[in-house]
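**Student:** Turn this into a model:
(one chain, ligands or ions: 3)
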Amino acid sequence: MVVLNVGLKERSYPIWIGKGILDQLPDMLAGVGFPSRVAVITNATVAGLYADRVQQILSRAGFLVHLIEIPDGEKYKNIEVFTQVITSLIEQGFDRHSGLLALGGGVVGDLTGYVAASYLRGVPFVQLPTTLLSQVDSSVGGKTAVNHPLGKNLIGAFYQPKGVLIDVATLQTLEAREFASGMAEVIKYGVIRDRRFFSWLDDSVDALQNLDGSSLIHVVEKSCQIKADIVENDEKESHLRAILNFGHTFGHAIENLSGYGEVKHGEAVSIGMLVASRISLKRGYCTREDVAALSGLLRKFKLPIAVPEFSLDDYLEAMGRDKKVTAGRLRLVLNVGIGDCCIEDEPDPRQAFGAVLH
Ligand SMILES: NC(=O)c1ccc[n+]([C@@H]2O[C@H](COP(=O)([O-])OP(=O)(O)OC[C@H]3O[C@@H](n4cnc5c(N)ncnc54)[C@H](O)[C@@H]3O)[C@@H](O)[C@H]2O)c1
Ligand SMILES: O=C(O)C(=O)C[C@@H](O)[C@H](O)[C@H](O)COP(=O)(O)O
Ligand SMILES: [Zn+2]
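**Tutor:** Residues are numbered from 1 along each chain as shown. Ligands and ions are numbered 1, 2, ... in the order given. Reported below is the predicted structural model:
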């Protein structure tokens, strides 16, 4: 097993990564001083696959466990489902000496995290991510949120988990499209931070798609380490952390305009990264070969790269609600070659995006 640490002073926490390590959950909970009364929050699909096992592991170790199931899908990452979960906790008498476990993908993790941040003004929670995307990205760093009809993740809080336990064995039941979606965030780390990792991904397409255990553990470890380093430097996104938003300004607009869940988060980020790289190319920050290398790798992992046919006006309006907008100005994350990036205020988004779409 690999153990990483997210160093945030009194909010520091461990990330346990391994294959078949779900049984060690009670050890992690004991290690972080977790309460013995827990609510496992999951969705209908993941419950069918893993809830019995998690409940058994916890009950055998003396935990008092209550299961809360939410419907499956991005469209349920909303304030109504948030309220339903809170109601369930109140009805079951959960107090400040209880904790929450998020068992599932990024939707369950983001929503559970926001419930944890809000319920009784904050109860502890642990992430048990079961999709590639949640294992490499959403379970780490403490961004919790639900969507608003007008924009992605517009309601939320920074609230760190007490620990993250990543069992890559759970990826064996994941659909190929969801695996690809997670790979978009992995490729993002290579583009913004680590050219060697980008090349390694290019050499490891078959091993990863065949779910080779050591390749998966390497991908999760490397991704979590890159994300942890950034979060440790800028927990609440005052500057550096914005680079983790590479491809997201446009990607979130796609998710919002198509109706949450139609285009998966990683798919939207895939298209958004390519759009950003074309803007980079126009500014001379990267070469034609860099853009081709990015689109080639996205395609090898079966990710979409074609921009959905919404009007430029629709895209600009949706992007105007991006959280990085400051004093009415859009801020863009642009790659510098492969392996580095920069953040720029965009004085003329109509011109910048108009020149690279379609
Ligand atoms: N907080 C952050 O830093 C952060 C980072 C990236 C993405 N996100 C958010 O994460 C969400 C996307 O997460 P996601 O891609 O995990 O989507 P998801 O949570 O919708 O999960 C994808 C699908 O996989 C199913 N599933 C989960 N685990 C499974 C397993 N082991 N086997 C079979 N099926 C399984 C789910 O039921 C769902 O149908 C978006 O809302 C996005 O905004 C947040
Ligand atoms: O952790 C971060 O910081 C990220 O930006 C990670 C992104 O992959 C993630 O999708 C995040 O939710 C997007 O940022 P947001 O602030 O617009 O929600
Ligand atoms: Zn993302």
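**Student:** use CA for all of it now, contacts and neighbours both
**Tutor:** Noted.
**Student:** Just the helices from the stretch 101-250 of the chain, written as ranges.
**Tutor:** With helices called from DSSP state H, counting those that start in this stretch, the stretch 101-250 of the chain shows them at 106-118, 132-133, 176-193, 195-203, 205-209, 213-233, 248-258.
**Student:** Pipe those helices into JSON lines and attach distance to ligand 1 and mean neighbour count per row.
**Tutor:** JSON lines is the format used below for the helices of the stretch 101-250 of the chain (distance: least, CA to the nearest ligand atom, whole Å; neighbours: other CA atoms under 10 Å):
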{"stretch": "helix 106-118", "distance to ligand 1": "3", "mean neighbour count": "26"}
{"stretch": "helix 132-133", "distance to ligand 1": "5", "mean neighbour count": "26"}
{"stretch": "helix 176-193", "distance to ligand 1": "6", "mean neighbour count": "23"}
{"stretch": "helix 195-203", "distance to ligand 1": "19", "mean neighbour count": "17"}
{"stretch": "helix 205-209", "distance to ligand 1": "15", "mean neighbour count": "15"}
{"stretch": "helix 213-233", "distance to ligand 1": "9", "mean neighbour count": "19"}
{"stretch": "helix 248-258", "distance to ligand 1": "8", "mean neighbour count": "24"}
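**Student:** Indicate which one of those is closest to Ser88.
**Tutor:** Proximity to Ser88 (CA to CA) singles out helix 106-118 among the helices of the stretch 101-250 of the chain, at 11.3 Å.
**Student:** Export that closest one to PDB, keeping only CA atoms.
**Tutor:** Output of helix 106-118 as PDB, limited to C-alpha atoms (Å, rounded to 0.1, in the frame of the first residue of the first chain):
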ATOM      1  CA  GLY A 106     -17.300  12.500  -7.600                       C
ATOM      2  CA  VAL A 107     -21.000  13.200  -7.400                       C
ATOM      3  CA  VAL A 108     -21.400  11.300  -4.100                       C
ATOM      4  CA  GLY A 109     -18.100  12.700  -2.800                       C
ATOM      5  CA  ASP A 110     -18.800  16.400  -3.700                       C
ATOM      6  CA  LEU A 111     -22.400  16.200  -2.200                       C
ATOM      7  CA  THR A 112     -21.400  14.300   0.900                       C
ATOM      8  CA  GLY A 113     -18.500  16.700   1.500                       C
ATOM      9  CA  TYR A 114     -20.900  19.700   1.300                       C
ATOM     10  CA  VAL A 115     -23.300  17.900   3.700                       C
ATOM     11  CA  ALA A 116     -20.400  17.300   6.100                       C
ATOM     12  CA  ALA A 117     -19.300  20.900   5.900                       C
ATOM     13  CA  SER A 118     -22.800  22.100   6.700                       C
END
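**Student:** And the residue of the stretch 251-358 of the chain that's closest to ligand 1?
**Tutor:** When scored by CA to the nearest ligand atom, the stretch 251-358 of the chain has His265 as its residue closest to ligand 1, at 5.5 Å.
**Student:** how close does that residue get to ligand 2?
**Tutor:** Distance, His265 to ligand 2, using CA to the nearest ligand atom, to the nearest Å: 7 Å.
**Student:** That residue: neighbouring residues, count only.
**Tutor:** By other CA atoms under 10 Å, the residues close to His265 number 23.
**Student:** now do the one 3 residues further on
**Tutor:** One way to gauge burial is a neighbour count; for Ala268, by other CA under 10 Å, it gives 28.
**Student:** Tell me the confidence at it?
**Tutor:** On the pLDDT scale, Ala268 is placed at 98.
**Student:** Quick check: closest non-adjacent residue to the residue most central in space within the chain.
**Tutor:** Centroid-nearest residue in the chain: Ser138, 2.7 Å away (criterion: CA atoms, centre = their mean). Spatial nearest neighbour of Ser138, chain neighbours left out: Gly106 (5.6 Å); criterion: CA to CA, 6 or more residues apart in numbering.
**Student:** Then Leu150?
**Tutor:** The shortest distance from Leu150 to any non-neighbouring residue, by CA to CA, 6+ apart, is to Asn256 (7.2 Å).
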